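*Asks:* Here is my input; please provide its structure:
(one chain, ligands or ions: 1)
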Amino acid sequence: MAQVKVLFVCLGNICRSPLAEGIFRFKVKEKGLSDHFIIDSCGTSDYHIGENPDKRSLGNARKNGVDYMHKGRQLKEKDFYEFDYILPMDELNINDVQRIRPEDATAKVLKMRAFDDQYENSDVPDPYYGGENGFQLVFDILERSTHNLLEDLVEKHDLG
Ligand code: 4NP
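*Replies:* Sure thing, here's the model as predicted:
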């Protein structure tokens, strides 16, 4: 069976991208499409390799009905051939991703918030240095964005 391979990317891989991975995985499972997807996340930095997601992200997600786990890892060249879609969270991530992207990369790089119908094409803000409101804002953005991403992929790859 052909699988669609999706990689979410942020800076630290402990707040935004593991949450995007967790919400997206939840939605994919809800639709009974788990066998059709490979889903992962990573960071552009090496700051939090091997770490669990930020406790504030995990707690906020649980309040919103989503449970997930992930071990931090850094983006590598191989990812540009192994994944179909790479989804950076903000402009800084995009710049870092483009810097290490091999010329013959097969993955499409698409900004996460291009899928947010409320604030199209702006950043998923980094919640790391902020308070609980920031984590809820990120959850809401990723809830909308992953919903629309999944709808697009289901249609594009004929999974419906
Ligand atoms: P993330 O948030 O990129 O959404 O995982 C951050 C986590 C850690 C740091 C920055 C952003 N940091 O500088 O350690």
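*Asks:* Look at the residue in the chain that the ligand sits nearest to and give its secondary structure.
*Replies:* Relative to the ligand, the nearest point of the chain is residue 12 (2.7 Å; Cβ to the nearest ligand atom). Just so you know, the C-beta spots here come from the backbone N, C-alpha and C atoms, and that holds for glycine as well. Under DSSP: H, G, I helix; E, B strand; the rest coil, residue 12 falls in the coil class.
*Asks:* Settle this for me: it is touching residue 73, isn't it.
*Replies:* No. Residue 12 is not in contact with residue 73 according to Cβ atoms under 8 Å; the separation is 11.1 Å.
*Asks:* Now list whatever residues contact both of those two.
*Replies:* residue 43 (Cβ atoms under 8 Å, 6 or more residues apart in numbering).
*Asks:* More neighbours: those two, which one.
*Replies:* Neighbour count, other Cβ atoms under 10 Å: between residue 12 and residue 73, residue 12 has more, with 21 against 17.
*Asks:* Phi first, then psi, for the more buried one.
*Replies:* phi -100, psi -20 (degrees, to the nearest 10).
*Asks:* helices or strands up against the longest helix seen in the chain?
*Replies:* Taking DSSP state H as the criterion, the chain has its longest helix at helix 132-156. Here helix 132-156 touches strand 4-10, helix 16-30, helix 55-63, going by 3 or more Cβ pairs under 8 Å, 6 or more residues apart in numbering; DSSP states H and E.
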